[in-house]
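Participant: A predicted structure for the sequence below; I have some questions about it.
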Amino acid sequence: MTTTMQEEPKAAAQQAAQQTVLSILLALSFTHLLNDTLQSLIPAIYPLVKDSLKLNFTQVGLITLTFQMSASLLQPLVGLFTDRRPQPYSLAIGMGFTLIGLVSLSLAHSFPMVLVSVGLVGIGSAVFHPEASRLAYMASGGKHGMAQSLFQVGGNAGSSLGPLLAAAVIVPFGQFHIIWFSLAALLAIVVMLRIKKWYSANTHRIKPKKAVQQLELDQHKLSRGKVIFSLSILLMLIFSKYFYMASMTSYYTFYLMERFGVSVQSAQVYLFVFLFAVAAGTFIGGPVGDRIGRKYVIWISILGVAPFSLLLPHATLFWTAILSVFIGVILSSAFSAILVYAQELVPGKVGMIAGLFFGLAFGMAGVGSALLGKLADQTSIFYVYQVCAYLPLIGLLTGFLPNLEKAKK
């Protein structure tokens, strides 16, 4: 009887702890939604600024390049630094940069000012992604794929909302109305300050260095060369995914307007459909990877897009929308699986790996957007989609990745 009475409070405490972890994951997903909603306003207003500032496609690509490079170059450094010295206030500080960038963008009436504004938003992203990803890993309770997917689904949901909000608020009323979205940045800062308390009290969840070194030996038993080779393949897959994503996020509206003659607002709705499909498919990769192995999820999510991407340039408007949904759902499951696979390859470097892969994703998207914009100016938007259709075939490289589940045995 006494034993039972002693076990009840213990069970209640364990349940409360589990609920606290879930609340952190949901809060992180919500802040990711707000963060990526604000970021997605940048490509969503491209048709507006292209017309008002008389920009060409190369300059549109440079806007994306500036944003993505300011985000990508800093992310691995932020992750490496905070792996060694956790910074509980970092999330709120990063969102502060995003807030300043949004206000500046609402007032920007020249191309250089637009570049400065999106650069500030990029710095905010550089701080947010590696730190929030590490917190998701800390709060996962061992279900790393599920936690990373829950975190990612918030971001992709936010990315899908940006074009819809831009079509409803910014396109009809003007660029200055971007300033209203600073309220979302302020809300994110409030939530991040709440998360900071849990962060400060749970830094012990990241294992000390010696324990990590032993864990690395015990987990997958792969040589250093094999680990480096595997990381190189993962980076190539990131290149494939985000170059193709750049063609969709930066130029899909222009493609629809030029090929099918739809209006700016209608094109934004089609972009929302694609990005919503990305958000809907995001949660698949992590939990399925936890069950069947991340290598198989990576294989399906990259290479599986190829039939649909190859058909897209030859489809009618109706079938273009349908194909974009399949592409979004399948391709979106890749990143969570790739990131957790990489973190399992290099245990103990959660922040650094998150920063490296988020940074590379942003960098590839920026470089891809700039190069594809130049290609569009020299040829046509239609030709860009014919070239990008073959990028998912790089997914064949997944066959060279080791099966970590078998390696652990």
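Facilitator: Received it, and whenever you're ready, just let me know what you need.
Participant: What is the subsequent helix or strand relative to the helix or strand hosting Val49?
Facilitator: Element membership for Val49, per DSSP states H and E: helix 46-52. The first helix or strand that comes after helix 46-52 along the chain, using DSSP H and E, is helix 57-84.
Participant: Could you list the low-pLDDT ranges of this protein?
Facilitator: Across the chain, the ranges flagged by pLDDT under 70 are 1-20, 203-221, 283, 285-286, 288-290, 293, 351, 362, 405-409.
Participant: From what I see, Leu55 and Val49 are in contact.
Facilitator: Yes - shown here, Leu55 and Val49 form a contact pair, counting by CB atoms under 8 Å, at 6.5 Å. Using the backbone N, CA and C atoms, a C-beta is placed for each residue, glycine as well.
Participant: does the residue nearest to Leu99 when sequence neighbours are not counted count as helix, strand or coil?
Facilitator: In space, and not counting its chain neighbours, Leu99 is closest to Ala185: 4.0 Å by CB to CB, 6 or more residues apart in numbering. Put simply, Ala185 is helix when judged by DSSP: H, G, I helix; E, B strand; the rest coil.
Participant: which residues does Ala185 contact?
Facilitator: Going by CB atoms under 8 Å, 6 or more residues apart in numbering, Ala185 touches 34, 38, 95, 98-99, 102.
Participant: and which of these is nearest to Gly119?
Facilitator: Of all those, Thr98 has the smallest distance to Gly119: 11.2 Å, by CB to CB.
Participant: In three-state terms, label the closest one for me.
Facilitator: Taken by three-state DSSP, the conformation at Thr98 corresponds to helix.
Participant: Report the contact partners of it.
Facilitator: Residues in contact with Thr98, defined by CB under 8 Å, 6+ apart, are 35, 38-39, 120-121, 124-125, 128, 185.
Participant: In the stretch 251-400 of the chain, mark out all the helices, start to finish.
Facilitator: With DSSP state H, counting those that start in this stretch as the criterion, the stretch 251-400 of the chain has helices at 264-292, 294-303, 306-311, 317-332, 334-345, 350-378, 381-388.
Participant: top of the contacts of Thr98 by neighbour count?
Facilitator: Phe128 (32 neighbours; other CB atoms under 10 Å).
Participant: For the residue lying closest to Gly359 once chain neighbours are set aside, which residues are in contact?
Facilitator: Distance criterion CB to CB, 6+ apart; nearest residue to Gly359, sequence neighbours excluded, is Gln75 at 3.4 Å. Contact analysis of Gln75 by CB under 8 Å, 6+ apart lists 125-126, 129-130, 354-356, 358-359, 362.
Participant: what about the nearest residue to Ala267 once chain neighbours are set aside, how many residues close to it?
Facilitator: Spatial nearest neighbour of Ala267, chain neighbours left out: Thr253 (3.9 Å); criterion: CB to CB, 6+ apart. Around Thr253 there are 26 other residues, counting by other CB under 10 Å.
Participant: now Phe243
Facilitator: Neighbour count for Phe243, taken as other CB under 10 Å: 21.
Participant: And for the one 4 residues further on?
Facilitator: Counted with other CB under 10 Å, residues neighbouring Ser247 total 26.
Participant: Show me which positions of the strand or helix carrying it end up buried.
Facilitator: In this assignment (DSSP H and E), Ser247 forms part of helix 224-260. Neighbour counts over helix 224-260 (16 or more other CB atoms under 10 Å) mark 227, 230-231, 233-234, 236-257, 259 as buried.
Participant: So Asn99 versus Ala126, what's the distance?
Facilitator: Small correction: residue 99 is Leu, not Asn. Note on Leu99: its distance to Ala126, by CB to CB, to the nearest Å, is 15 Å.
Participant: More neighbours: those two, which one.
Facilitator: Legend: neighbour count by other CB under 10 Å for Leu99 and Ala126, higher for Ala126 (27 against 22).
Participant: Which residue, neighbours along the chain excluded, lies closest to that one?
Facilitator: The shortest distance from Ala126 to any non-neighbouring residue, by CB to CB, 6+ apart, is to Leu74 (3.6 Å).
Participant: And for Ser160?
Facilitator: Ser160 sits nearest to Leu275 (CB to CB, 6+ apart), 3.4 Å away.
Participant: so the one you found sits right up against Ser159, yeah?
Facilitator: Yes - counting by CB under 8 Å, Ser159 is a contact partner of Leu275 at 5.1 Å.
Participant: which residues are in contact with both of these two?
Facilitator: By CB under 8 Å, 6+ apart, Leu275 and Ser159 have these common neighbours: 40, 249.
Participant: Run a quick neighbour tally on Gln87.
Facilitator: Burial measure for Gln87: 15 neighbouring residues, criterion other CB under 10 Å.
Participant: Verify the contact between it and Glu131 for me.
Facilitator: Yes - between Gln87 and Glu131 there is a contact at 7.3 Å, judged by CB under 8 Å.
Participant: picking that back up, surely the residue nearest to Ala267 is in contact with Gln265?
Facilitator: No - Thr253 is beyond contact range of Gln265, at 9.9 Å (criterion: CB under 8 Å).
Participant: Can you name the residues that contact the closest residue in space to Leu303 that isn't next to it in sequence?
Facilitator: Leaving aside its sequence neighbours, Leu303 sits nearest to Gly395 (CB to CB, 6+ apart; 3.2 Å). Shown in contact with Gly395 (CB under 8 Å, 6+ apart): 237, 240, 298-299, 301-306.
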